[in-house]
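In: sequence isn't available, so here's the structure alone:
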């Protein structure tokens, strides 16, 4: 169990810079998710940490040891990291137990018991040990890949979108099994993903990456509730943005006068609200009046698009439970739970923009 | 990197040597040697053979491929093997079979019949593979847009198989340019046979090199023509999802006719050589010279084994470089090695003779020079197989091994090498078969007194001792038989 620290790391593919001045600290025994759209450089970041790529500048430290930077270069096989890639990359010519034992010292490789122990750790039956990789499902292969990485008791585990190739149900089950195994090993983990739910549920710390830079690094709750900017906000889920005016510890916007604790100063600003902060009630129940213009039903919940009766027809979205979703044309009142997040004092457009999901 | 460049240099060596020799006493002199009625006759012969056989191979190859892959022809799986099997009979053995069966079988007609039957599988194989996998969606779209079945076949079907067809015809043409044994036996003079005749008159002759230069120019012309007509269009499927299998066209009342056609083709391509060799095998008491197959077999196996191992080892670094990096050096290297594929065996042999006589006299007519010729000739075959083998090992597996604590060398030994082994061995097997049936270069370069199966067969059949030649012919066919399996399998894997 060691900490991982990146300072000023830049890296490039031939003729294309990919990472710009990346700083990141992952405390020992914690999990950090790097979240970003495909092509933003998150896999490159992981490959630099693993030692498959040399950074152009900056340093990578494992605990107190520099593994890259300042003229030092430790090859991947000497870093003692566990690495699990998107496809699992099991060796097709070896059976499952030989795959798991691959990284062990020669005399320990024949020890079937150790392989079975590791299979159990990732939630797989021990009788898979004699199977071949192509006889396993995608989720099983992914868990074997993790078992193979954990067999060497790595100081750091790097996961490169390990769940994205799986079906949705399988993804959740595999993720839970992997998270449990990693907790058991008390490993320091870096997970790269483009799935916001995965990042928020899996990690102690989320780093949001865009175009090779970190936009924001914080706890899941911090980055979700108080994103640094619009991009950061929308990359973590649905959000609506409204123009507002700060005055003291309140902000006035299309949804009324709302609390704004600790907001900077006064003047025009932009506020962000998550759809689940908006509650719908009977029209006579108080709050801002609105008409339901569209409903997207997802089963467990629903998203209602509302046109506010504020004179200019501002559009917002509210999340309701799936039990009794509103219907189109229904008149409702909208109230806000908690405080909106004030994004900054930049003037916002008159109508709210709806972020894509 | 250094080894890769060495391999590439080895491949261009024959070309440079032969052209240099041809121009030894000036371009005007070389030109005078080219501008002779004899050369005109050779050119006419060569080109008419290529044109007729190319056309016939196209008709037979595409027709057979369509019947096997797209119609409800009974026993399609059997016919698929039957139409690749002729490749197991070397063309010079095939010509022996025909002339031993039909006295006076020779000239253009004989050459066309024998070489078409020997080489049409080069068209059949890629076209059938393509027809098997091409998505019928495009053809259905053409039908929905108002085209009838024939119009669809011509405007869509043919366009789709065009790259495979052109590649196959190119292969047939290059083989015809390089063919010596079959055409010599059928008394149909082409450039290659003329070069060897010249060689028998005078070793290391300049006019031989001049003819060889013309031969290379022809090969280069065919290569260029194929590149030009193939065009820039790429035939790829757009859109996601797996391609569907095409529905097979019912033949209805045409079934007996189709069966008759494929049976006749098989009878001519496999039946005739089998019957002829079998007949002469059973008449061994008629042999003027008793056949002693032992030494020839031993030499053949030894030479083929050594050449196969050396060739495979030589391709590894180049293939690795070409597959894993797309630098200009890698691309150049790839092209150069394929250039060697179009060099006829006689050119490579001539170049090595010139080189050894001039610079390395002790190596002249040694097994070393012979193996070197085999390596240059068959590097492309090994290259294709080795490249495919390397391509099946994703680079990510290497990363995974590195992350698990192996250095680059151990990673190669524990991950890449075991995974590549099968494909690389298949490539070695292809080279082994090619060497064991090679005739032209072996005739020119083999150490005096050394006879392989092919040259022993050649000597016997040249003195019209058919009964003595038959055992060698049978041995050659048996050695080549696994080729059918390798080609069918390689074709399947390439497409999956």
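Out: That came in fine, so what should we check first? None of the values given here were measured: they were computed from a predicted structure. Residues are numbered from 1 along each chain as shown, chains lettered A, B, ... in the order given.
In: from here on, just use CA atoms for contacts and neighbour counts.
Out: Fine.
In: roughly how far is stretch A:334-347 from the heart of the chain?
Out: 23 Å (C-alpha atoms, centre = their mean, to the nearest Å).
In: elements contacting the helix or strand hosting residue B:65?
Out: Here residue B:65 sits within helix B:37-70, counting by DSSP states H and E. For helix B:37-70, the packing partners by 3 or more C-alpha pairs under 8 Å, 6 or more residues apart in numbering or on different chains; DSSP states H and E come out as helix B:76-82, helix B:107-119, helix B:121-133, helix B:158-178, helix B:191-201.
In: heading C-terminal from the longest one, find the next helix or strand.
Out: Helices and strands here follow DSSP H and E; after helix B:158-178, the next one along the chain is helix B:181-185.
In: which elements pack onto that following helix?
Out: Going by 3+ C-alpha pairs under 8 Å, 6+ apart, helix B:181-185 lies up against helix B:91-101, helix B:107-119.
In: tell me which parts of chain A are close to chain B?
Out: Applying C-alpha under 8 Å from any C-alpha of the partner chain, we find that chain A lies next to chain B at A:50, A:52, A:76-84, A:89-93, A:102-103, A:149, A:152.
In: which among these count as buried?
Out: A:50, A:52, A:76-84, A:89-91, A:93, A:102-103, A:149, A:152 (16 or more other C-alpha atoms under 10 Å in any protein chain shown).
In: surely residue A:279 is in a helix?
Out: No: judged by DSSP: H, G, I helix; E, B strand; the rest coil, residue A:279 forms no part of a helix; its state is strand.
In: so how many other residues sit close to it?
Out: Counted by other C-alpha atoms under 10 Å in any protein chain shown, the residues lying close to residue A:279 total 16.
In: and residue B:455, by the same measure?
Out: With other C-alpha under 10 Å as criterion, residue B:455 counts 22.
In: where does the residue of the stretch 101-250 of chain A found nearest chain B land in three-state SS?
Out: Distances between the stretch 101-250 of chain A and chain B by C-alpha to the nearest C-alpha are smallest at residue A:103, namely 4.7 Å. Assigned with three-state DSSP, residue A:103 falls in the coil class.
In: angles on the backbone of the residue nearest to it when sequence neighbours are not counted, please.
Out: Spatial nearest neighbour of residue A:103, chain neighbours left out: residue B:404 (4.7 Å); criterion: C-alpha to C-alpha, 6 or more residues apart in numbering or on different chains. Main-chain dihedrals, residue B:404, degrees, to the nearest 10: phi -90, psi 10.
In: confidence score at residue B:404?
Out: Residue B:404 is assigned a predicted lDDT (pLDDT) of 87.
In: now do the SS call for residue A:25.
Out: Residue A:25 - assigned by three-state DSSP - is strand.
In: quick one: it and residue A:31 touch, right?
Out: No: if you go by C-alpha atoms under 8 Å, residue A:25 and residue A:31 don't touch, sitting 10.7 Å apart.
In: who has more neighbours out of the two?
Out: Ranked by neighbour count (other C-alpha under 10 Å), residue A:25 and residue A:31 place residue A:31 first, with 26 against 15.
In: who's in contact with the more buried one?
Out: By C-alpha atoms under 8 Å, 6 or more residues apart in numbering or on different chains, the contact set of residue A:31 is A:188, A:189, A:190, A:191, A:202, A:203, A:204, A:205.
In: helix or strand: which one has the second one?
Out: Just to be clear, that refers to residue A:189. Using DSSP H and E, residue A:189 falls in strand A:188-193.
In: direction included, what does that strand pair up with?
Out: Applying DSSP bridges to the sheet, strand A:188-193 is found paired with strand A:31-35 (parallel), strand A:156-160 (parallel).
In: give me the contacts around that strand.
Out: So strand A:188-193 is contacted by A:1-3, A:26-36, A:42-43, A:46, A:155-161, A:164, A:182, A:199, A:203 (C-alpha under 8 Å, 6+ apart).
In: thinking again about what came up before, tell me the most buried of the strands paired with strand A:188-193?
Out: A comparison of the strands paired with strand A:188-193 by mean neighbour count, using mean count of other C-alpha atoms under 10 Å in any protein chain shown, puts strand A:31-35 on top with a mean of 28.
In: after that strand, next one along is what?
Out: helix A:42-50.
In: pLDDT of that following helix, averaged?
Out: On average, helix A:42-50 scores 90.
In: and it, how far out from the chain's middle?
Out: 16 Å.
In: tell me the strands beside the next helix or strand after that helix, with direction?
Out: Next along the chain after helix A:42-50, taking DSSP H and E as the criterion, comes strand A:57-62. Partners of strand A:57-62 in the sheet, by DSSP bridges, are strand A:4-13 (antiparallel), strand A:65-69 (antiparallel).
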